[in-house]
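Asker: okay, here's the prediction I keep looking at, along with the sequence it came from:
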Amino acid sequence: MEFITLVVIALLCLLSENTRKFALVLLAVLFLAFPLISIVILAVAIYYFNKPKRMKLYEPPTLPRCN
């Protein structure tokens, strides 16, 4: 629970220009204190923001209909 709280505080600190250095230090400390959780959250975020679009790029050819 404290991990989520500290991440939210760090993200809120990133919004303000005056507290960005504090947020970066807090994120670095979180990464050192909780490395596994940090890596998992980072991997999920990277996948979520870079997930492929589900577009249909290829349609197999169809034979013409004979009536």
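Answerer: Received, thanks.

Asker: so where's the protein uncertain?
Answerer: Within the chain, the stretches with pLDDT under 70 are 53-56, 67.

Asker: quick one: which helix or strand includes the residue positioned nearest the centre of the chain?
Answerer: The residue lying closest to the centre of the chain (CA atoms, centre = their mean) is residue 45, at 1.5 Å. Per DSSP states H and E: residue 45 is located in helix 35-50.

Asker: for that helix, buried residues please.
Answerer: Buried residues in helix 35-50, counted by 16 or more other CB atoms under 10 Å: 38, 41. Where C-beta positions appear, they are placed from N, C-alpha and C, glycine not excepted.

Asker: using CSV, write out every CA atom in that helix.
Answerer: Only the C-alpha atoms of helix 35-50 are listed here, as CSV (Å, rounded to 0.1, in the frame of the first residue of the first chain):
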residue,chain,number,x,y,z
PRO,A,35,12.9,-3.3,-7.6
LEU,A,36,10.6,-6.2,-8.6
ILE,A,37,7.4,-4.2,-8.2
SER,A,38,9.0,-1.2,-10.1
ILE,A,39,10.1,-3.4,-13.0
VAL,A,40,6.7,-5.0,-13.3
ILE,A,41,4.9,-1.7,-13.3
LEU,A,42,7.3,-0.2,-15.8
ALA,A,43,6.9,-3.2,-18.1
VAL,A,44,3.1,-3.0,-17.9
ALA,A,45,3.2,0.7,-18.6
ILE,A,46,5.5,0.2,-21.6
TYR,A,47,3.3,-2.6,-23.0
TYR,A,48,0.1,-0.5,-22.4
PHE,A,49,1.5,2.6,-24.2
ASN,A,50,3.1,0.6,-27.0
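
Asker: mind listing residues that contact that helix?
Answerer: Residues outside helix 35-50 that contact it (CB atoms under 8 Å, 6 or more residues apart in numbering): 3, 7, 30, 31.

Asker: same thing but 6 Å
Answerer: 3, 31 (CB atoms under 6 Å, 6 or more residues apart in numbering).

Asker: tell me how many other residues surround residue 30.
Answerer: 19 (other CB atoms under 10 Å).

Asker: check residue 10 too.
Answerer: For residue 10, using other CB under 10 Å, the count is 19.

Asker: just checking, it touches residue 28?
Answerer: No: Residue 10 lies out of contact with residue 28 (CB atoms under 6 Å); the separation is 9.6 Å.
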